[in-house]
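sharing a sequence plus its predicted fold:
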There are 2 protein chains.
Amino acid sequence: MKETAERLMDLAEAHIRNAGYAGFSFRALAAEIGIKSASVHHHFPTKATMAAAVARRYADRFFAAVARRPNETADDAIAAYRSTFKAALDRDGLMCLFGVLGAEAGGLSPEIADEILSFFRRCVEDLSQRIGGPDAETRAFQVIATLEGGMMLARAYQDTEVFDQAVAALV
Amino acid sequence: MKETAERLMDLAEAHIRNAGYAGFSFRALAAEIGIKSASVHHHFPTKATMAAAVARRYADRFFAAVARRPNETADDAIAAYRSTFKAALDRDGLMCLFGVLGAEAGGLSPEIADEILSFFRRCVEDLSQRIGGPDAETRAFQVIATLEGGMMLARAYQDTEVFDQAVAALV
DNA sequence: GTTTATCTACCTATCGATAGGTTGATACGG
DNA sequence: CCGTATCAACCTATCGATAGGTAGATAAAC
């Protein structure tokens, strides 16, 4: 059996990616794995701390997945990001964690806002470095924006095909 | 003085665009205009009803603004959407209402989810009709996705310049 | 015997929502 | 002109539910 903290993070991630930061509560997570809400505080002192931890784990997994894909050319790099986003949408049927949190960033604690910013900075830095050339950063922003927006549209339509249409022109 | 219902909607819209659906409460809105939370129910029976009303008003204003811009060519049409998004970001410094709601759509009532879907459908329909050609719809999805994603990125960075970079390639 | 994980049992704050009453303006009937 | 009925707008007071969080006890593991 997976460790409790890990299972709590799994559930919290799913809830956030489905309904945002307000979409989960300690009580709900606890009930889903059969413990009491007070016990969740043993693993994560506050809700914001927990969300930040979930964000870090998500980012680590995301960049590991990107790194596992071919990245010889600039097109490879863009394709790597695109297929990583697509895999997240297909596998879980959920939004990108940072797409959700970024949209409601104005209401989140600085602790979480920092994680959001650092994720996107890392995306743009990595991607523009792999794209290269004078307009690399601009192109990187465009790619990330299209992927995040495409994912949001696919969720609104509840149709993953919409994502494919939105990002078709990227590579 | 503006009517109370109008002022409530103004405030609700600002809160949603800043922090999502959970980012406003009847109490907070009421306090901001100096009435009691119970009185808000006189104007909007439920929170979901109010959010749906705010969404409809936002959509109406949005499409009116788009329609006011030049739309001779396909490029005009894309530029019209881009500048309408850009104006919303510059004027208010806030997200697109539907970008926020779409991201957390999984946790919203069907009443609101319907408004979200109908907004994006209307965007894509209008835009692809004005673009024309065989790949018009695919292109429309791409444009909307990039605009929404670009707006989200600009908010995460707290830098409107990021929006311009993300959408630079659109026209 | 200390640490780890969980419990019971709370607390305070806030949420959306409801019931029932007050006020003041408007409209109507005699 | 006066009385009456109606209505919108807001009030006070309260509801039950839920939120995040805390304190202290318990039981097992190392």
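In hand now; what should we look at? In this text the structure is predicted, and so the values were computed from the model without any measurement.

centre-most residue in chain A?
Nearest to the centroid of the C-alpha atoms of chain A, with distances taken as C-alpha atoms, centre = their mean, sits residue A:97, at 3.1 Å.

I figured it was touching residue A:54, is that so?
Yes - under the criterion of C-beta atoms under 8 Å, residue A:97 lies in contact with residue A:54, with a separation of 7.2 Å. All C-beta atoms are positioned from the backbone trio N, CA, C, and that covers glycine.

residues of chain A that sit close to DNA strand C?
A:3, A:4, A:30, A:34, A:35, A:36, A:37, A:38, A:39, A:42, A:43 (C-beta under 7 Å from any atom of the strand).

can you tell me which residues contact residue A:52?
The contact partners of residue A:52, by C-beta atoms under 8 Å, 6 or more residues apart in numbering or on different chains, come to A:111, A:112, A:114, A:115.

now the residues you listed in TSV, with secondary structure?
Putting the contacts of residue A:52 into TSV (DSSP: H, G, I helix; E, B strand; the rest coil) gives the following:
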residue	secondary structure
A:111	helix
A:112	helix
A:114	helix
A:115	helix
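
pipe these into TSV and attach distance to residue B:132 per row.
Listed next are these as TSV, based on distance: C-beta to C-beta, whole Å:
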residue	distance to residue B:132
A:111	48
A:112	43
A:114	45
A:115	43
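
list only buried entries from those.
Among the contacts of residue A:52, those classed as buried by 16 or more other C-beta atoms under 10 Å in any protein chain shown are A:112, A:115.

so which of the contacts of residue A:52 comes closest to residue A:103?
Within the contacts of residue A:52, the smallest distance to residue A:103 is 12.6 Å, found for residue A:112 (C-beta to C-beta).

chain center to stretch A:151-160: distance?
15 Å (C-alpha atoms, centre = their mean, to the nearest Å).

for that stretch, C-alpha coordinates in CSV please.
In CSV, the C-alpha atoms belonging to stretch A:151-160 read as follows (Å, rounded to 0.1, in the frame of the first residue of the first chain):
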residue,chain,number,x,y,z
MET,A,151,-6.3,21.9,-22.6
MET,A,152,-8.7,24.3,-21.0
LEU,A,153,-10.9,24.3,-24.2
ALA,A,154,-10.8,20.5,-24.3
ARG,A,155,-12.1,20.4,-20.7
ALA,A,156,-14.8,23.0,-21.4
TYR,A,157,-15.9,20.9,-24.4
GLN,A,158,-15.3,17.7,-22.6
ASP,A,159,-13.7,16.5,-25.8
THR,A,160,-10.0,15.7,-26.2
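
and it, which residues are buried?
Buried residues in stretch A:151-160, defined by neighbour count with 16+ other C-beta under 10 Å: A:151, A:152, A:153, A:154, A:155, A:156, A:157.

where along chain A do the strands fall?
In chain A, no strands are defined using DSSP state E.

how about the helices in it?
In chain A, the segments counted as helices under DSSP state H are A:4-19, A:26-33, A:37-43, A:47-67, A:74-92, A:97-103, A:110-131, A:136-157, A:160-167.

quick one: the ones you listed as TSV, columns for mean pLDDT too.
As requested, the helices of chain A are exported to TSV (pLDDT from 0 to 100):
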stretch	mean pLDDT
helix A:4-19	94
helix A:26-33	93
helix A:37-43	93
helix A:47-67	96
helix A:74-92	96
helix A:97-103	97
helix A:110-131	97
helix A:136-157	98
helix A:160-167	98
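
who in chain A is up against DNA strand D?
Among all residues of chain A, those adjacent to DNA strand D (criterion: C-beta under 7 Å from any atom of the strand) are A:24, A:25, A:26, A:27, A:28, A:37, A:38, A:41, A:45, A:46, A:47, A:48.
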